[in-house]
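# using only what follows, build the 3D model:
(2 chains)
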Amino acid sequence: METTNTTTEQPIPLPLDVVVIDDEETFTEGCRQTLEIGGYRSAVARSGHQGLDLVQATHPSVVLVDLKMPGMSGLEVLTHLATAAPLVVPIVVTGHGTVDSAVESMKVGAFDLLTKPFEPEKLLESVRRGISLSVLRKAATEPAAQQEVEAVRAAPQTKNDVVLQGLGMLGEAYSLGLDKREVLDELSYLESEAKYHAQSLGQIKKKERAILDIRNELLEADSIMEKYDFQKSALIQVLLDVQEKFHWIPRHIIHWISARLNVTAAEIHTIVNFYEAFSLEPRGKHCVQVCTGTACHVRGAQEMLLRVSAVLGIEPGQTDCQQQFTLETVHCLGCCALAPVVQIDKDYFHQPSKNRLARIVKSLNQEEGITCRD
Amino acid sequence: MQRLRTPADVAALKKRVLLERGAKPFWVTVCTGTGCCAYGAEGLADCFQKEIEERGLGHTVGLRRTGCHGFCERGPLVVIQPKGICYLGAKEKDVPLILDKSVLGNGAVESLLYLDEQTGKRVRRAEDIPFYKYQKRILLENNVLVDAASILDYVAVDGYSALAKALTEMSPEAVLDEVKKADLRGRGGAGFPAGVKWETTRRVPGIPKYVVVNGDEGDPGAYMDRSLLEGNPHSVLEGLILGAYAIGASQGYIYVRQEYPMACKHAQRALEQAREYGLLGKDILGSGFSFDVKIHRGAGAFVSGESTALMNAIEGHVGEPRPKYIHTSEKGLWGKPTCLNNVETWANVPFIINRGADWFRSMGTRSSKGTKIFSLVGRVKNSGLVEVPMGITLRDIVFKIGGGVPKGKKFKAVQTGGPSGGVLPESLLDLPVDFDKLDEAGSMMGSGGMIVMDEDTCMVDTARYYVNFLAHESCGKCVPCREGLRQMLNILDRITAGEGREGDIELLEELSEFMEMASLCALGRTAPNPVRSTIRYFREEYEAHIHEKRCPAGVCAALIAYEIDPEKCTSACGACARACAVDAIQKIDDTYAIVQEKCIKCGSCYTACPDKFQAVLKLPASAVLRPTPIPVPQMETRV
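Numbering: from 1, shown residues only, chains lettered A, B, ... in the order given. Just a heads-up that it's a prediction; the model follows:
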């Protein structure tokens, strides 16, 4: 092991901030002085082995390593550091700043890369950030923090929290003012990953709820089919009950019925399309049916339809954006003597005026706690 | 509740019910048909209930919620029995007075009685109101006496006595013969003799046989099936059981439109009650005859009322018709002999069995016997359900029973037979109404819709209305109906939009002829009827639309416009502006004016303008002046 006196002669101020490992004396001396001016306590090692021993002995925050050294190379030092002293933040210094060496060193845990020659300010800045990171790393290994991490690991349901915590840390890292492109890219990539996972976690929860809903709906469809003994011939009756229950015929229910009653989905679609009573789109909570039977027609159903349409703000066949009202025309409600007639849910109205309609709409909206437009 | 085991039990039950009912000398009957319910009949009945209880009249006054009485226009209807006092349009506040005067006292609340406009006198009894006086109510009569929720009410009016009679005294053949002898024709539209249908179904080998009630009342403008199923479902059921007995069927179906939720509910309850009493199920009344019935709800398709389509629907398929090379009475539901009749047809059967074929034949004309229920609606004073003997003239129905056209307007036509029927003009008012006479006049009986039209009804628009309806309802299986209707609709759309062309009428006629020849089912074959009959009797209206771009009745929106006459608008009350749904009416100085660009021509202002002003005018679109453009200021030039 090759050692030099300069480092060992001087007393090492503890605790150390930085250990500089390089075989070039001019460089180490320069660094030491710069760091001293910057207010950091530092020590110098002339080779990889010596540096590693020094790190083990002094537990500095940051290690400054030259990549090209006789004996143990910088990369080897980094590899050892990763296992022997994982809390230390290594900053790599190199005389020939190639992309390859940068990538390699980043892979084995380098926090930053400085290319010789560099301005003293640059070194100080990098060390400052390295020390901040080291503080974070040390904080994470505190017994309390350790327990927290363990607890998070033990409870997989709080994965979301872990991701959020990670996001928080990323935020801190950002606040450290990292300006290295690669790191920034990496960080933003990690951030987007984290966000994605957080989002997909949310989506998974949503999906889980949706699946539960669908399961309940299928169970309800089952109970409807049970009423008809799962008879194929009761298909239309089953669909009518489904329509009444859900106000539309959802796709998954079509497939479910198809499987349970052993009819093709195509046949169900034919029926659903054929009959007026069925809807393949969700309808509003309240159904407004304007009778366009002949008796109503000759007593002005078309004019009334225009009026109802204007009050509700939707055209026949449409549902409003709050999913409250669906406006439909129906061929005959069988109340011809009251013509023209509108049916709103179960109630029949004989030629309601604009104001009456507006009142009805308002009161139905209020039931739902929705404040309506004037 | 006791299960009836022998036919004699029915008579015993009736006796017991009458004895129990006899304890209450007065009955307040409130019509809770769909029409009256829209006028708040349920609340009124609740109010009667409360008042009777509060006054401690429970042991002398009974309350009955019944099905439709027919005079829906003037609902809610209240009848005090046994006095027969009929109140129209009673409100909840009138309840104490009605009880005071007509139940406890001997008078009546005059203001709620029918006012005979000709004599100026109030009419107390229902039978004396012209609307009821000229009817012959047989099927509808019991609607006033029966609470649809109570099988006992039905038994009290001789219900199920025809079934008891048939099961004790008559063989199935005898029942069949009686119906055949009565010459009962199907009330659903075509008028096919029911007895013949029954006989075929009975004769053709094949087990099981089915009987079906067709309650898919798709005709817009007809609602007698609804009223029967809602008001007196047991009468239909009894007819069906009798038919099943005569035919030898073991399973029945009642097909009801889902648009009639109350009818579905009442029919379902009737089935349950009949089962409880042993009138359905195994070994009915100890006769060894077993029969049961299921309800099938239709899902809203006019064509599903066609017999083959209806059967497809019951089997769980799409309700599309198939060619009828073989009648359904031979191969119907699941390929088995099936007898399908309309609600009203089945409801006639118990009466024929009880009172005999000769009694039934005593009503009506040579080719059409019995009575028929019509829904007399549209532009007529007294609209509602009317039951009249076959052979009565249109004039009697529209003017004597219906009281003519309101607001002094001029009668124009009456439409019968729904979308398959046609219009009958004033010149045919003395036509006796029966199956064949209506056919000859280019219309048809149909299920009994009778829509009165006055001078404010546009005939081209009416034809367009029906064609639009049919084009929408056509199942699309055969080309002549699908494409024919589409083309017809295109042409009529153009005419009503003021873009009619020379030769359009002839084209419509040609299309009609072709569709009638080539369509697969009755829907397509009869679809041109509304167009043909309107062209036949009102050709000049088509011509006015095409040549003059004018709608004589002022209906077709593209050809009319509304305007406020500033001279007539003397008070500027603003009723029109408040009624306008799109804020197209603005106040300018001390009068109102319509912004034509905003106007959707809904006519709200036209109806809202008080009669004393009549300031809102309906004009041909071409006559309405465009708002005068703001004049461009011009520099005066000095010479």
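# residues contacting B:Ala497?
Under the criterion of CB atoms under 8 Å, 6 or more residues apart in numbering or on different chains, the contact list for B:Ala497 reads B:Cys556, B:Ala558, B:Leu559. For every residue, glycine as well, the C-beta is placed using N, CA and C.
# which residue does the stretch 351-500 of chain B have closest to chain A?
Among the residues of the stretch 351-500 of chain B, B:Val377 lies closest to chain A, at 3.7 Å counting by CB to the nearest CB.
# what does that residue show for phi and psi?
Phi and psi for B:Val377, reported as degrees, to the nearest 10, are phi -140, psi -180.
# got it, and B:Val179?
When read as degrees, to the nearest 10, the backbone of B:Val179 gives phi -70, psi -40.
# now it: closest residue in space that isn't a chain neighbour?
Nearest non-adjacent residue to B:Val179, counting by CB to CB, 6 or more residues apart in numbering or on different chains: B:Gly195, 4.6 Å away.
# contacts for the host helix or strand of the one you found?
With the criterion set as DSSP states H and E, the secondary-structure element containing B:Gly195 is helix B:194-203. Outside helix B:194-203, the residues within contact range by CB under 8 Å, 6+ apart are B:172, B:176-177, B:179-186, B:209, B:211, B:243, B:246-249, B:327, B:329-330, B:337-341, B:345.
# chain center to it: distance?
Centre-to-centre, helix B:194-203 and its host chain are 28 Å apart (CA atoms, centre = their mean, to the nearest Å).
# before we move on, what about stretch B:344-353?
From the chain centre to the centre of stretch B:344-353 is a distance of 19 Å (CA atoms, centre = their mean).
# stretch A:326-346 too?
Offset of stretch A:326-346 from its chain centre (CA atoms, centre = their mean): 48 Å.
# endpoints of it, how far apart?
14 Å (CA to CA, to the nearest Å).
# wait, the residue of the stretch 351-500 of chain B closest to chain A touches B:Val452, no?
Yes. Contact status for B:Val377 versus B:Val452: in contact at 7.2 Å, counting by CB atoms under 8 Å.
# joint contacts of those two?
Taking CB under 8 Å, 6+ apart as the contact criterion, the residues that touch both B:Val377 and B:Val452 are B:Ser383.
# the two: who's more crowded?
Regarding B:Val377 and B:Val452, a neighbour count based on other CB atoms under 10 Å in any protein chain shown identifies B:Val377 as having more, with 31 against 27.
# the more buried one and B:Asp430: what is the separation?
In this structure, B:Val377 and B:Asp430 are separated by 21 Å, where distance is defined by CB to CB, to the nearest Å.
# who's in contact with the residue of the stretch 351-500 of chain B closest to chain A?
The neighbourhood of B:Val377, defined by CB under 8 Å, 6+ apart, consists of A:Thr294, A:Ala295, A:Cys336, A:Ala337, A:Ala339, B:Gly221, B:Ser383, B:Gly384, B:Gly449, B:Met450, B:Ile451, B:Val452.
# hey, what's it bridged with?
Bridge pairing for B:Val377 (DSSP bridges) gives the partners B:Ile451.
# thank you, goodbye.
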